[in-house]
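>>> structure of the sequence below:
(one chain, ligands or ions: 1)
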Amino acid sequence: MAIRDIMIFPHPCLRKVAAEVQNIDDEIQTLVDDMLETMYDAEGVGLAATQINVIKRVVVMDCSEAGDSPIVAINPMIVTASSETAERSEGCLSIPGVHDNVTRPAQVTFRALDRSGESYEMAAEGLLAACIQHEIDHLDGKLFIDGLSSLKRDRIRKKMEKLKRD
Ligand code: NI
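Residues are numbered from 1 along each chain as shown. As a prediction, this is how the structure comes out:
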């Protein structure tokens with residue numbers, strides 16, 4: 001396993017639409033292992049492959065208190081979303097130090113493949129519901145700051161560029 005570099009906004013890879021995984025081969029197994037190690041090392045609750053510049057539809061998450069319940073979601077998709085919404089403060093490993101409120105469906109059901117290629121469906125609410133939606137957005141080249149005003153986004157861009165220089 002290896003810790004991969006997390007790309008920081010506005011790196012162009014964060015805007016790419018990731019390709020579906022066709023085969024769960026050794027390369028994907030290694031990618032999943034590395035993504036889990038990278039996410040835990042960064043103390044995140046979710047990571048999408050696009051964030052480490054691998055443009056494939058692979059997500060890892062762990063929204064448990066203890067950080068001992070990894071979820072692997074390959075080719076994830078939202079199956080149902082509640083009309084009820086919830087607002088949460090979100091952050092992103094690719095936009096360190098930035099948090100803002102995002103409103104999303106409060107409950108979702110998503111379908112994905114696990115690391116052995118088995119299809120599963122999972123009902124999610126609370127943090128996990130926000131997390132899977134945030135991560136699927138990454139796979140579609142979207143970021144949680146996209147809904148903010150352009151003034152705010154410009155400030156964030158400047159902050160990230162300063163971070164890179166320091
Ligand atoms: Ni993120």
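>>> so who does the nearest residue to residue 89 once chain neighbours are set aside touch?
Leaving aside its chain neighbours, residue 89 sits nearest to residue 99 (5.0 Å; criterion: Cβ to Cβ, 6 or more residues apart in numbering). C-betas here are computed from N, CA, C, even on glycine. By Cβ atoms under 8 Å, 6 or more residues apart in numbering, residue 99 lies in contact with 89, 90, 91.
>>> one more time with 10 Å
In this structure, residue 99 makes contact with 88, 89, 90, 91, 92, 144, judged by Cβ atoms under 10 Å, 6 or more residues apart in numbering.
>>> same question, residue 68
40, 62.
>>> ok, it to residue 115 distance?
17 Å (Cβ to Cβ, to the nearest Å).
>>> got phi/psi on the residue nearest to residue 89?
Main-chain torsions, residue 99, degrees, to the nearest 10: phi -130, psi 140.
>>> one more: residue 2?
phi -150, psi 150.
>>> report the secondary structure state of the residue nearest to it when sequence neighbours are not counted.
Distances taken as Cβ to Cβ, 6+ apart place residue 34 nearest to residue 2, at 5.2 Å, with adjacent residues excluded. Of the three states, residue 34 takes helix under DSSP: H, G, I helix; E, B strand; the rest coil.
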